[in-house]
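S.K.: I'd like to go over a predicted model; first the sequence, then the structure.
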Amino acid sequence: MRVNNSTLWVTWLLLTCAIAAYLLYRMYGEETDKMVFLPGDTTSAHHQIEQVCTACHTGPFTDKDAMQEACEGCHLEQLKAAKDDHPKSKFTDPRNADRIAVLDARYCVACHVEHRPEITSAMAVTIPADTCFLCHEAIAEDRPSHEGMAFDTCTSAGCHNFHDNTALYEDFLVRHMDAEHILFGEQLLVSNLREIAEQLPDYPLDDNPLEPVTAGQQAFPDHIDVDGSIMQEWIASKHAEAGVGCQTCHAVSEEETVSWIDKPGKEVCAQCHQGEVQGFLSGRHGMRLNVAALGQELSPMSPSLARLPMKEHAVDSHLDCQSCHGAHSYDSRSAAVESCLNCHNDDHSLAYKDSPHHRLWQAEMSGDAAPGTGVSCASCHMPRTEKDYYWGTFVHNEVQHNQSLTLRPNEKMIRPVCMTCHGLGFAINALADPALIHNNFTGKPSVHIESIDLARRRVEPTGE
């Protein structure tokens, strides 16, 4: 039986309309869900924001230049701080035009392509492991020590990173090649806000003079009934000690009126902690809030959205400043360990309390060791860093809340974190040992990376 062409046409048209209606409903209906449009899984770095397609795809036909602008919108400052080995300027230099022909590294998407999980490896890299060979085919001529090495070993842990190689430069390796495994007596940075607050250009010292305030000095609107336990938490906090009263966070002045906010947000925290809030918004914990301004409201990050194992009781919680620091206690010590372990359920996290690092932390918390000698979760993943003001006139030991900066590749931890207490060789080997990472660095590395050996042979040739 022949089917009338008009019947086929009508059937096709109805199916097309039905599919279009379904897709439009998924995008703009009451239950908006753009996941149906994903051509493939996003990487672990971006999966939190995959529903905001416009974060990367700024238009319906986004070209490489527009994509590059989107990448730099989030990552440019990080690349600048990394002292990039392969900056964009190297590939825009006409003298390197031949290199662009084999790998156009002017664009992030030359190496980092989303939605291709079948060809994506660590660090969201979507290029062959031997890509370095394209430009460094003759490396053995300059460095005979590399003769015979496979071309897929360049980016092995402890050797080379494409963007930031500062801890693995040959001169750096040579300078630190004889360091002891453990540098006894060294200490991590501790808070120095009180000492430098008068010099900080963005700290509201007039409103928070760093002098203790009492409960009797606090004033509340008539309709506010303050719970006694809340007041006790605040009285024992660093905020009360530093002159940060209830009104500082809850009372907002607008022209001649004062409004009371029951649950202050990150904007209030940023009045005194601008750097910390910016770091939070740039990292895994706060990035969903950071991209919400791009056109779609996203809920705060929740452990339920994580790809790492998380504690079941925490999956429905939302992450903001108060999630880790407490709404009124603002205990940075608890935030440095207990807040992390309240959510994280991966083997590395679970092994922390049986590790040497935790024993050091316990000694500091009990007063048996000096401040800065303990090692918490935050010590490594959210370390204090020296933020320079006025050409080194003074520095602020600010907590970097963007944990991505010292997370992947983990060699980024070597200079700002590991080498505070450990020698370079020990740090390189430890970070390359999956089993040691798994048990939270309980024991010695069973892996040996040859980077320092190669550097030593170059400056101390056999027979000389």
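M.R.: Cool, the structure landed. Residues are numbered from 1 along each chain as shown.

S.K.: ok, Trp260 - contacts?
M.R.: Residues near Trp260 by C-beta atoms under 8 Å, 6 or more residues apart in numbering: Phe220, Pro221, Ile224, His250, Ala251, Val252. All C-beta atoms are positioned from the backbone trio N, CA, C, and that covers glycine.

S.K.: where does it fall, phi/psi-wise?
M.R.: When read as degrees, to the nearest 10, the backbone of Trp260 gives phi -100, psi 120.

S.K.: which one is it nearest to, not counting chain neighbours?
M.R.: Pro221 (5.1 Å; C-beta to C-beta, 6 or more residues apart in numbering).

S.K.: measure that neighbour to Thr257 for me?
M.R.: 12 Å (C-beta to C-beta, to the nearest Å).

S.K.: pick out whichever of the two has more residues nearby.
M.R.: Between Pro221 and Thr257, counted using other C-beta atoms under 10 Å, the more crowded position is Pro221 (10 against 7).

S.K.: that one and His250, how far apart?
M.R.: Counting by C-beta to C-beta, the gap from Pro221 to His250 is 9 Å.

S.K.: between the contacts of Trp260, which sits nearest Ile139?
M.R.: Val252 (59.9 Å; C-beta to C-beta).

S.K.: before we move on, the earlier item: could you measure from the residue nearest to Trp260 over to Thr11?
M.R.: Distance from Pro221 to Thr11, by C-beta to C-beta: 66 Å.

S.K.: need the contact list for the closest residue to Gly372 other than its chain neighbours.
M.R.: Nearest non-adjacent residue to Gly372, counting by C-beta to C-beta, 6+ apart: Gln187, 3.4 Å away. Gln187 makes contacts with Ala370, Pro371, Gly372, Thr373, Thr420, as judged by C-beta under 8 Å, 6+ apart.

S.K.: closest one of those to His57?
M.R.: Checking these one by one against His57 (C-beta to C-beta), the nearest turns out to be Thr420, at 41.0 Å.

S.K.: so which strand or helix has the residue nearest to Trp260?
M.R.: Secondary structure assigned from DSSP states H and E places Pro221 in neither a helix nor a strand.

S.K.: the chain should start at 33 in everything you say after this.
M.R.: Sure, I'll start numbering at 33, so the last one becomes Pro253.

S.K.: state the distance from it to Cys278.
M.R.: 11 Å.

S.K.: cool, Ser355 as well?
M.R.: Ser355 sits 20 Å away from Cys278, going by C-beta to C-beta.

S.K.: ditto for Val42
M.R.: 68 Å.

S.K.: ok, the two, which is more surrounded?
M.R.: Cys278 (22 against 11).

S.K.: mind checking how far the closest residue to the more buried one other than its chain neighbours is from Glu265?
M.R.: Sequence neighbours aside, Gln250 is the residue nearest to Cys278 in space, at 4.7 Å (criterion: C-beta to C-beta, 6+ apart). Separation of Gln250 from Glu265 (C-beta to C-beta) stands at 13 Å.

S.K.: and what of Thr158?
M.R.: For Thr158, the distance to Glu265 - C-beta to C-beta - is 48 Å.

S.K.: same question, Gly91
M.R.: Counting by C-beta to C-beta, the gap from Gly91 to Glu265 is 49 Å.

S.K.: these two: who's more crowded?
M.R.: Using other C-beta under 10 Å as the criterion, Gly91 and Glu265 rank with Glu265 on top: 18 against 8.

S.K.: related to what we said a few turns ago, redo the contacts of Trp292 as JSON lines? Include distance to Pro341 and pLDDT.
M.R.: Output for the contacts of Trp292, formatted as JSON lines (distance: C-beta to C-beta, whole Å; pLDDT from 0 to 100):
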{"residue": "Phe252", "distance to Pro341": "42", "pLDDT": "87"}
{"residue": "Pro253", "distance to Pro341": "44", "pLDDT": "86"}
{"residue": "Ile256", "distance to Pro341": "40", "pLDDT": "85"}
{"residue": "His282", "distance to Pro341": "36", "pLDDT": "92"}
{"residue": "Ala283", "distance to Pro341": "41", "pLDDT": "88"}
{"residue": "Val284", "distance to Pro341": "39", "pLDDT": "81"}
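
S.K.: residue ranges with poor pLDDT in the protein?
M.R.: 33-36, 52-67, 189, 287, 324-328, 494-496 (pLDDT under 70).

S.K.: mind running it again at 50?
M.R.: Within the chain, the ranges that satisfy pLDDT under 50 run 33, 496.

S.K.: mind listing the strands for it?
M.R.: 283-286, 289-292, 416-421, 426-431 (DSSP state E).

S.K.: buried deepest among these, which one?
M.R.: strand 426-431 (a mean of 18; mean count of other C-beta atoms under 10 Å).

S.K.: find the nearest non-adjacent residue to Phe252, please.
M.R.: Val258 (6.1 Å).

S.K.: next, name the residue at the spatial heart of this structure.
M.R.: Ser436 (1.9 Å; C-alpha atoms, centre = their mean).

S.K.: can I assume that one is in contact with His317?
M.R.: No - the criterion here is C-beta atoms under 8 Å, and Ser436 misses it with His317 at 9.6 Å.

S.K.: quick revisit: what's the closest of the contacts of Trp292 to Ala467?
M.R.: For those, the nearest to Ala467 is His282 (48.8 Å; C-beta to C-beta).

S.K.: how about the contacts made by the closest one?
M.R.: Trp292, Ile293, Asp294, Pro296.

S.K.: next, format those residues as TSV and append distance to Phe123.
M.R.: Converted to TSV, those look like this (distance: C-beta to C-beta, whole Å):
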residue	distance to Phe123
Trp292	54
Ile293	49
Asp294	52
Pro296	46
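
S.K.: of those residues, select the buried ones using a ChimeraX command.
M.R.: To isolate the buried members of those in ChimeraX, using 16 or more other C-beta atoms under 10 Å:
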select :296
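
S.K.: go through the contacts of His282 and say which is closest to Asp73.
M.R.: Pro296 (36.3 Å).

S.K.: what segments of the stretch 133-282 of the chain are helices?
M.R.: Using DSSP state H, counting those that start in this stretch, the helices assigned to the stretch 133-282 of the chain run over residues 171-174, 202-207, 225-228, 260-267, 270-273, 278-282.

S.K.: export those to a markdown table and tack on distance to Thr124?
M.R.: Conversion of the helices of the stretch 133-282 of the chain to a markdown table gives the following (distance: least, C-beta to C-beta, whole Å):
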| stretch | distance to Thr124 |
| --- | --- |
| helix 171-174 | 23 |
| helix 202-207 | 26 |
| helix 225-228 | 40 |
| helix 260-267 | 54 |
| helix 270-273 | 48 |
| helix 278-282 | 47 |
